[in-house]
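> Sequence first, predicted model second:
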Amino acid sequence: MDIVQIANNIDDQNKSNRIFNHMKFQKLLEKQINELLPEHLRNEPAMLKFLEAVNESYQDIENKLTEEEGPAGKNDKDILSKIIFREKIFNSVINNLKNGVLLVNEAGEIIDCNDNFLDIFNTTIKREDIKGQYEKDFFIENGSIFGDTKSFISGVEKILEKKIPHFDEIFRTEKNEFYERDFSPIYYKGDYLGHLWIYTDITKKKREQDSIVQNEFTQRQILNSAIDAIIIVNEEGVIEFWNPQAEKIFGWKFNEVYDKFLSENITPVSIKEPNDKGVKKYLTKTNKNINADLNEIVSTNKEGAKIYIQISTISIKYHERDYYCSFIRDITIKRNYENELTKQKKFTEDVLNHLPADIAVFDRNHNYLFVNPMAIKSKETREWIIGKNDFEYCEMKGLNNQSAVERRGLFNKAISTKKTVQWIDEVVNKNNDKFYILRNFYPYEEDGEIKYIFGYGIDITEMRSVQLKLNETLLDLKNINEELEQFAYIISHDLQEPLRMVKSFLQLLEKKLGNSLDDTDKRYINFAVNGADRMKKHIQDLLEYSRIGKKTEEVDDVNCNEILQEINTIFQLKIRETNTTLTIHPLPVIKALRSGMYHLFQNLIANAIKFQRNDIEQHTVEVGYTEVVNSWQFYVRDNGLGIEPKYFERIFILFQRLENGKEGKAGTGIGLAVCKKIVEQLNGKIWVESEVGKGSTFYFKIPKHNG
């Protein structure tokens, strides 16, 4: 039952009590009424007439007894005529009652009933014929209108067995009509004299109640389904309604806040005292107008956390009482977001204001929306220029507007092309010092439409000076590279020719002297020939190293499987001679220089075959790869001599070679340096993992996206 219904019930009850209490009853009748008569029947107009008539009868009997005890007066005929008159009034009242009334004596025999009772039970029996029947027989014969006759009779028997008042029992007929049944036993001086059945048609009332309940349920469903919190308080500020959204926003369940002051819950501690004072002051006003406008205030939830809410309150008056209904929406996320945006905006402005660059933001019409101190030092001018353009600035400063005309053309180009426009401003200050400013107009788009143009300028005077020096240095480097290329050509042709001559003449000398040479002479000649060969190999490796990095080849798709097939063919003779098994796993197609990848694999496989152990028969070399994040990671693994950890870095340095006296193997010290240079040219990395006596694994990683 809602607040309005409660108020209505209380008002009706008070009105009824005023009518009933106004009447003065004979003491015995008053006692019986208080004990037996239901309150809701006491104010029925017909019942009041009936009670008045009965009361007069009681008063007459009491007066008669008083007269009999006192002096003789009225005769028996007068008394009898009054009793008959009272009986007629009683019958008239019974017949005019809207209720169905059945009067039964102590033996269960029907004394009387009214026509409404017979109509309720839909019987054709006449009122005078029903008198003398047993009530149980009547109910058995006619109780089927209330559905299950056995249940109906069983209920009657239980009530008669207890012989105590029984009220407000509701029945529904087969016609979907509703009746309320009351049972009132009649006692006199402790003796049971009979009882009274009263059937009241409450069909209209019941349907109205059902309608009210349904409407209330619908209204509550609507209120409970609202996306806003809805809180209703009475004029004292006590909570009487609190929907689920209010529970969600503030954290308290309805049963936790019901019948409590609103300020005890959602008012922050910091403002609770002034808020309570404001409420008290408001309640003392005669004209309690409520502002229904939407307001934003700070509140608190069950956890004590501060929340931001939007609230609108309306006043409602029911039965002379004031109620206040508030509609509340949680805007904490929105407010926190706005606060964060404000902080970010301030942070952005602070950053822009302290950047060593001219920063400005324009609308599509080339009007300034923002400008930082590096662009315009005067704060007053910065504030003035917002909403204005370069032409107005030139006019204000008394400057030639040629620069404004040029900038407008560049600005329009950025708008039309939707691309960044860049140019260099040449500026001369008061001291005739020349400065160079690199400027840009950058169009910012939203949903395909240009919304702003960002303009920024950077002083590149020093950078320009450095660039000029760099250009001079690059020119010098170019000349040096040309000289180095010339030097490489000399090494390739001029230095190798004397070595070929020395080697040839030594071999001719050995052939000519023949048998006249002893073993020592032959060994010396052999040392000299081998030295010439090694020198030639050094020159060739050095020439190859110098050529790495020359832009004679472009990065392209390289099939590593094809390269390894070619290398495998070249090394077949060496593989058979050294009893080596070369295993090549499937390899990817990568972005690289083909010649570089060829030399890289060739050098690593050649070293793996060359630096083998003599204490094992089967030598193995394995080539494969793994795919890692954004890179291809290749490996060349062998079971050869292995390398000590202290040499892991050194072996990749030019001319740093390792000699193994026991195994009698040596390199030129250039091969791995060549490998390192090739990998680094592709923005990769090369390294080795090894253990002496067990073999080595050379890894190199190349990015997937080269070019």
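Arrived safely. Treat the numbers as computed from the prediction; the structure is a model and nothing was measured. Numbers count the residues shown, from 1 in each chain.
> So residue 633 is in contact with residue 627, correct?
Yes. Here residue 633 reaches residue 627: they are 7.4 Å apart, a contact under CB atoms under 8 Å. Glycine gets a C-beta too; all of them are placed from N, C-alpha and C.
> Neighbour count: these two, which is higher?
Using other CB atoms under 10 Å as the criterion, residue 633 and residue 627 rank with residue 633 on top: 15 against 10.
> Run through the residues that contact that one.
Taking CB atoms under 8 Å, 6 or more residues apart in numbering as the criterion, residue 633 is in contact with 625, 626, 627, 699, 700, 701.
> In those residues, which residue is surrounded by the most others?
For those, neighbours were counted by other CB under 10 Å; the highest total belongs to residue 700, with 24 neighbours.
> ok, now how distant is it from residue 295?
Distance check for residue 700 against residue 295: by CB to CB, to the nearest Å, it reads 70 Å.
> next one: residue 392
Shown here: residue 392 relative to residue 295, a distance of 42 Å by CB to CB.
> Likewise for residue 500?
Here the distance between residue 500 and residue 295 works out to 101 Å (CB to CB).
> can you check residue 308 too?
In this structure, residue 308 and residue 295 are 11 Å apart, going by CB to CB.
> More neighbours: which of the two?
With neighbours defined as other CB under 10 Å, residue 308 and residue 295 compare such that residue 308 has more, 18 against 11.
> Correct me if wrong, but the more buried one is in a strand.
Yes. Counting by DSSP: H, G, I helix; E, B strand; the rest coil, residue 308 is part of a strand.
> So it is in contact with residue 300, correct?
No. Under the contact definition of CB under 8 Å, residue 308 does not touch residue 300, with a separation of 10.7 Å.
> now the helices for the stretch 501-650 of the chain?
Residue ranges of the helices in the stretch 501-650 of the chain, as given by DSSP state H, counting those that start in this stretch, are 519-547, 560-570, 572-577, 594-610.
> Let's have those in JSON lines, adding mean pLDDT and distance to residue 420.
As requested, those are arranged in JSON lines below (pLDDT from 0 to 100; distance: least, CB to CB, whole Å):
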{"stretch": "helix 519-547", "mean pLDDT": "71", "distance to residue 420": "40"}
{"stretch": "helix 560-570", "mean pLDDT": "92", "distance to residue 420": "40"}
{"stretch": "helix 572-577", "mean pLDDT": "90", "distance to residue 420": "58"}
{"stretch": "helix 594-610", "mean pLDDT": "90", "distance to residue 420": "36"}
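> Would you mind finding the most buried of the ones you listed?
Of all the helices of the stretch 501-650 of the chain, helix 594-610 carries the top mean neighbour count, a mean of 21, counting by mean count of other CB atoms under 10 Å.
> packing partners for that one?
Counting contacts by 3 or more CB pairs under 8 Å, 6 or more residues apart in numbering; DSSP states H and E, helix 594-610 packs against strand 556-559, helix 560-570, strand 580-584, strand 619-628, strand 631-638, helix 671-681, strand 695-703.
> ok, of those, where does mean pLDDT dip lowest?
Lowest mean pLDDT within these: helix 671-681, a mean of 88.
> now stretch 591-611, how far from the centre of its chain.
A distance of 55 Å separates the centroid of the chain from that of stretch 591-611, by CA atoms, centre = their mean, to the nearest Å.
> do the same with stretch 466-480
The mean C-alpha position of stretch 466-480 is separated from the chain mean by 57 Å, CA atoms, centre = their mean.
> Let's test this: mean pLDDT of it, rounded?
For stretch 466-480, mean pLDDT is 85.
> buried set for that stretch?
By neighbour count, and taking 16 or more other CB atoms under 10 Å as the criterion, stretch 466-480 has no buried residues at all.
> is residue 426 in a bridge, and if so with what?
residue 436 (DSSP bridges).
> Enumerate every residue touching it.
For residue 426, the residues meeting the contact criterion (CB under 8 Å, 6+ apart) are 434, 435, 436.
> same thing with residue 128?
Applying CB under 8 Å, 6+ apart, one finds that residue 128 lies in contact with no residue.
> how does it look with 10 Å?
Going by CB atoms under 10 Å, 6 or more residues apart in numbering, residue 128 touches residue 112.
> mind checking how far it is from residue 385?
Per CB to CB, residue 128 is found 111 Å from residue 385.
> now do residue 615
As defined by CB to CB, residue 615 lies at a distance of 86 Å from residue 385.
> Which one of these two is surrounded by more residues?
Looking at residue 615 and residue 385 with other CB under 10 Å, you find the greater number of neighbours at residue 385, namely 21 against 7.
> Test my guess that that one contacts residue 394.
No. Look at residue 385 against residue 394 with CB atoms under 10 Å: they stay out of range, at 11.4 Å.
> Pull stretch 561-570 out as PDB, backbone CA atoms only.
Coordinates of the C-alpha atoms in stretch 561-570 are reproduced here as PDB (Å, rounded to 0.1, in the frame of the first residue of the first chain):
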ATOM      1  CA  ASN A 561      66.700 -22.200 -50.600                       C
ATOM      2  CA  GLU A 562      68.100 -21.400 -54.100                       C
ATOM      3  CA  ILE A 563      71.300 -19.900 -52.600                       C
ATOM      4  CA  LEU A 564      71.900 -22.900 -50.400                       C
ATOM      5  CA  GLN A 565      71.500 -25.300 -53.300                       C
ATOM      6  CA  GLU A 566      74.200 -23.400 -55.200                       C
ATOM      7  CA  ILE A 567      76.500 -23.400 -52.200                       C
ATOM      8  CA  ASN A 568      75.900 -27.100 -51.600                       C
ATOM      9  CA  THR A 569      76.900 -27.800 -55.200                       C
ATOM     10  CA  ILE A 570      80.100 -25.800 -54.900                       C
END
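> Now do the strand or helix carrying residue 158, average pLDDT.
Assessed by DSSP states H and E, residue 158 sits inside helix 149-162. Averaging pLDDT along helix 149-162 yields 87.
> same for the helix or strand following it, what does it pack against?
The C-terminal neighbour of helix 149-162 among helices and strands, as given by DSSP H and E, is strand 166-172. The elements that strand 166-172 packs onto, with contact taken as 3 or more CB pairs under 10 Å, 6 or more residues apart in numbering; DSSP states H and E, are helix 149-162, strand 178-188, strand 191-201, helix 203-225.
> tell me which residues in strand 166-172 are buried?
By neighbour count, and taking 16+ other CB under 10 Å as the criterion, the buried residues in strand 166-172 are 166, 167, 171.
> tilt between that strand and strand 178-188?
150 degrees (axes from the mean of the first three to the mean of the last three CA atoms, to 10 degrees).
> Could you list the residues in contact with strand 166-172?
Counting by CB under 10 Å, 6+ apart, the neighbours of strand 166-172 from elsewhere in the structure are 36-41, 120, 143, 145-147, 152, 155, 158-160, 177-185, 195, 197-200, 202-203, 206.
> which of the contacts of residue 426 lies closest to residue 411?
The shortest gap between residue 411 and any of the contacts of residue 426 belongs to residue 436, at 20.4 Å (CB to CB).
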